[in-house]
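1. the following block contains a protein sequence and its predicted model.
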There are 2 protein chains.
Amino acid sequence: MKAIVTVGLRPGVLDTQGKAVASALKGLGFGDVESARVGKIIELDIPGLDPATAEAQVRDMCEKLLANTVIESYRIELAP
Amino acid sequence: MKAIVTVGLRPGVLDTQGKAVASALKGLGFGDVESARVGKIIELDIPGLDPATAEAQVRDMCEKLLANTVIESYRIELAP
């Protein structure tokens, strides 16, 4: 089973990396870019677990390591 | 229009960050994790462009700034 975890800053938290990307894109001539936000995507390979157990485990991983839940939110997608 | 760009290391390129994540998860007791790969996700807000122009521009942004195409591949999704 594969789990894809997307971690991003919560709305309202200043995304300095996103601001830098938007500004660099504008500097390269992409004037249509209004804003950018940057997050992480983590693909986990966890064989031999059923979907319910996998989702519970991945949620636990997010809370403990993958996301800083004070400033970040996460989304979990499972694929066979 | 919104564009979501996912950037990840090409298969075969050593993902040291992913290896560190997998090893940290195992250390925390998640022994079922076989491997992890870490990538970036960039959400761009580009108002006032039609989908075809937006996709062409975002592809150009990836080639020029968002991805290092020697070692990374990217995927573009557009949302209204």
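-> Good, I have the coordinates.

2. what does chain A have sitting close to chain B?
-> Counting by Cβ under 8 Å from any Cβ of the partner chain, the residues of chain A close to chain B are A:6, A:8, A:18, A:21-22, A:24-25, A:28, A:30, A:32-49, A:57, A:60-61, A:64-66. C-beta: built from backbone N, CA, C; applies to glycine.

3. surely residue A:2 and residue A:43 touch.
-> Yes. Residue A:2 sits in contact with residue A:43 when judged by Cβ atoms under 8 Å, with a separation of 6.5 Å.

4. more crowded one of those two?
-> Neighbours per residue (other Cβ atoms under 10 Å in any protein chain shown) separate residue A:2 from residue A:43, with residue A:43 holding more: 19 against 13.

5. what secondary structure does the residue of chain A most remote from its centre sit in?
-> Centroid-distance maximum for chain A: residue A:29 at 27.4 Å, with Cα atoms, centre = their mean. Classification of residue A:29 using DSSP: H, G, I helix; E, B strand; the rest coil returns coil.

6. swap in the one 3 residues further on?
-> Under three-state DSSP, residue A:32 falls in the coil class.

7. residues near it, how many?
-> With other Cβ under 10 Å as criterion, residue A:32 counts 17.
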